[in-house]
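**Student:** this is a predicted model, with the sequence first.
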Amino acid sequence: MSAVIAARNLSKRYGKRTAVDGIDFSIPAGRIVGLIGPNGSGKTTTLKAALGLIPFDGELSVLGYDPRTQRDDLMQEVCFIADVAILPRWLRVKDAVDFVAGVHPRFNREKAERYIANTSLKPSMKVKEMSKGMIVQLHLALVMAIDAKLLVLDEPTLGLDIIYRKQFYQNLLEDYFDEHKTIVITTHQVEEVEHILTDLMFIREGRIVLAASMEEIGERYIEVMVSHDKVSAANALQPIDRRTVFGKSVMLFDAGAAGASNGISRQQLAALGEVRNPSVADLFVATMKGTYA
Amino acid sequence: MNTMSMKWLIRREFWEYKGAMFWAPLAVAAALVLLIGGTMAYGLAMHPMPSHVTINGHAMNGYGGGMTLELRSRVAQIASSMYLGAALPLFGLLTAVVFSYCLGALYDERRDRSILFWKSLPVSDGMTVLSKAAMALLVAPLITIALGTAASLLLLLIGCVAIGFNGVNVLGPVLASPDLYLSPLRLLALLPVYIVWALPTVGWLLLVSSWARSKPFMWAVGAPLVALLVVKWVSVAMENFSGTQLDLLPWMQDVVARLLTGVVPGIWFAYTGGTPSMRPDEHGLDVSSLVSHSYATLSGADAWIGALLGAAMLYGAMRLRRYRDEG
């Protein structure tokens, strides 16, 4: 199976500012990829390029289409939720369902209606009468009923409370995702998506700084609660991050850094203290150190 | 597939602009019927028709059945050919509605960012812009024609009944007059002429709507007017200096007029040099000549050059919508 999204030397400049700086990446089918980066790192720009919403330089192929020239074909097989609540205020629930059913050949009306029936949305309701959470529910109901090969979610749960957020991802996993589909998610709430992701991509200042599957990350990054007496020994192994929790040093090591002078092994680290897998959030913070400095 | 999408796109426009496209003209039509109809009925009830009607200096003893058959049929003729004039305010409203609709159609979706939702569906930019142009050039005028005809017929009926209570039966002759039935069809026949002449304005407004980052009205109306003022100023300066006017000026005036006033129904007479003589003759207003005169305006190249430029501007609006960032 060829890549769902393949980018080579993808760049995007806004005037003098470079938003995306010649990145290469490839996303295979059947994955849930978290595209994670600080504000202004180029996440949204990358996704917009892939969705044919902006012109760009370099090569980019999405489901075998060029988003610049074949956007109309591409949109038959791709769906996305952009980073802002974008359903127009005058739209009614039933009109929204009718419209998408009318224009989208892959839309399953029953599925959308079933999903809506499980919410407090009423068919005659207008978007302007809805809460933020209800708008996202409606949008998700429409999108999930579309049998798209690629679903792009740009901060889909922004501004929602934790109940809506949990429900959102649960629905996505239970009712939507399967091995023929690919989902790309960007979000700031890393903790909430990390268990559903199969792959991670960290992006910083327009460059991809880490791209790996969750298994690879589990093998490569190791967090150690270092005992007091072993701190200097641990520091000698060049941790990529250190912080203090309840008086204990917690250090993060990269055991597989390419070209690293130190071939740190898990056993070696286990001698220093309690070993565990870091959370994506901690890994993210460690990787992005100095971004806003 | 494409016609299906078009149908839904037009329906979507209608949902969004139902207020301006349907309720506003309906309200105006209802007000017309109430005001004019009420005044007619009230007036004729309170002040019965005079027993002497003076026509062309001949006093006629025409109270009630005394009104001559000839006079009666003449009244009926005039009424049945001119009754659609009552819908005139609706066509004024149409101008305003189409103008503001076109200015907002591609701007509002970027401002409220709903464009990102529409763009997440397999509907091309070309189809979307075409649906908006069709809304302005076809759907809005058709609604106005339908409502205008309905309101005018109602008013005609009220008038006939009111006169009937005064003992003059014009309803029969009015109903028998072919003009009664032909007038709405003539109105419909004018629609293609309207489309051709309105295209430059619709194209221009949609182009600005698709392009402007803010204040589309200022750009759409202000920019051409400022350009015209500059040219005028240069022309005046030249006249003082060398005694000749700038050749560009009359041309520029035409262009600005065509860009901004094309959506006014009947404006084509103003573009092509004055209205045809429209004085009611003894047969009432000759509305069929209105149709033929209107079609005659299409014989010049002006109409078609404008329409072509309008289509080009629509194409420009499509291209702009493709990559115009929503902000």
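**Tutor:** Received the coordinates, thanks.

**Student:** helix or strand: which one has residue B:185?
**Tutor:** Following DSSP states H and E, the helix or strand that holds residue B:185 is helix B:178-189.

**Student:** buried ones in that helix?
**Tutor:** B:179, B:180, B:182, B:183, B:184, B:186, B:187, B:189 (16 or more other Cβ atoms under 10 Å in any protein chain shown). The C-beta positions use only the backbone N, C-alpha and C, and glycine is treated the same way.

**Student:** give me the distance between the last one and chain A.
**Tutor:** This means residue B:189. Distance of residue B:189 to chain A, computed by Cβ to the nearest Cβ, to the nearest Å: 32 Å.

**Student:** what's near enough to touch residue A:144?
**Tutor:** Contacts for residue A:144 (Cβ atoms under 8 Å, 6 or more residues apart in numbering or on different chains) come out as A:111, A:112, A:115, A:171, A:172, A:175, A:176.

**Student:** flag the least confident of the residues you listed.
**Tutor:** Lowest pLDDT of the contacts of residue A:144: residue A:175, 82.

**Student:** these two touch, right, that one and residue A:115?
**Tutor:** Yes - judged on Cβ atoms under 8 Å, residue A:175 makes contact with residue A:115 at a distance of 7.3 Å.

**Student:** so those two - more neighbours on which side?
**Tutor:** When neighbours are counted by other Cβ atoms under 10 Å in any protein chain shown, residue A:115 comes out ahead of the other of residue A:175 and residue A:115, with 20 against 15.

**Student:** tell me which element the more buried one is part of?
**Tutor:** helix A:109-117.

**Student:** now do whichever helix or strand comes after that helix: distance to the chain's middle.
**Tutor:** Downstream of helix A:109-117, the next assigned helix or strand under DSSP H and E is helix A:132-144. On the basis of Cα atoms, centre = their mean, to the nearest Å, helix A:132-144 sits 18 Å off its chain's mean C-alpha point.

**Student:** and if you look at stretch B:182-196?
**Tutor:** 10 Å.

**Student:** which residues sit against it?
**Tutor:** Counting by Cβ under 8 Å, 6+ apart, B:80-81, B:83-84, B:137-138, B:141-142, B:145, B:148-149, B:265, B:268, B:287-288, B:290-291, B:294-295, B:297-298, B:303-304, B:306-307 sit against stretch B:182-196.

**Student:** from those, which land in helices?
**Tutor:** Among those, DSSP state H puts B:80-81, B:141-142, B:145, B:148-149, B:268, B:287-288, B:290-291, B:294-295, B:303-304, B:306-307 in helices.

**Student:** pull out the buried members of the residues you listed.
**Tutor:** B:80-81, B:141, B:145, B:148-149, B:268, B:287, B:290-291, B:294, B:303, B:306-307.

**Student:** among the residues you listed, which pair sits farthest apart?
**Tutor:** B:80 and B:306 (34.7 Å; Cβ to Cβ).

**Student:** how about the residues of chain B by chain A?
**Tutor:** B:1, B:4-5, B:7-9, B:11-12, B:15-16, B:109, B:112-117, B:119-124, B:322-323, B:325 (Cβ under 8 Å from any Cβ of the partner chain).

**Student:** can you do 10 Å?
**Tutor:** B:1, B:4-9, B:11-12, B:15-19, B:108-109, B:112-127, B:322-326 (Cβ under 10 Å from any Cβ of the partner chain).

**Student:** what remains of those if I keep only buried residues?
**Tutor:** B:5-6, B:8-9, B:12, B:15-17, B:108-109, B:112-127, B:322, B:324, B:326.

**Student:** all helices of chain A, in order?
**Tutor:** A:43-50, A:71-74, A:93-103, A:109-117, A:132-144, A:162-171, A:190-193, A:214-220, A:231-236, A:266-270, A:280-287.

**Student:** can I get those helices in a markdown table including distance to residue B:27?
**Tutor:** Shown next, in a markdown table, are the helices of chain A (distance: least, Cβ to Cβ, whole Å):
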| stretch | distance to residue B:27 |
| --- | --- |
| helix A:43-50 | 42 |
| helix A:71-74 | 40 |
| helix A:93-103 | 23 |
| helix A:109-117 | 34 |
| helix A:132-144 | 31 |
| helix A:162-171 | 40 |
| helix A:190-193 | 50 |
| helix A:214-220 | 61 |
| helix A:231-236 | 79 |
| helix A:266-270 | 77 |
| helix A:280-287 | 57 |
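
**Student:** most packed of these?
**Tutor:** helix A:43-50 (a mean of 25; mean count of other Cβ atoms under 10 Å in any protein chain shown).

**Student:** how distant is that helix from the center of its chain?
**Tutor:** For helix A:43-50, the distance to the chain centre is 12 Å (Cα atoms, centre = their mean).

**Student:** do you know the pLDDT at the residue of the stretch 151-300 of chain B found nearest chain A?
**Tutor:** Taking Cβ to the nearest Cβ, chain A has its nearest neighbour within the stretch 151-300 of chain B at residue B:213, 14.3 Å off. As summarised for this prediction, residue B:213 has a pLDDT of 90.

**Student:** that one belongs to a strand?
**Tutor:** No - counting by DSSP: H, G, I helix; E, B strand; the rest coil, residue B:213 is not part of a strand but coil.

**Student:** what does the stretch 151-293 of chain A have sitting close to chain B?
**Tutor:** Residues of the stretch 151-293 of chain A lying near chain B (Cβ under 10 Å from any Cβ): A:152, A:154.
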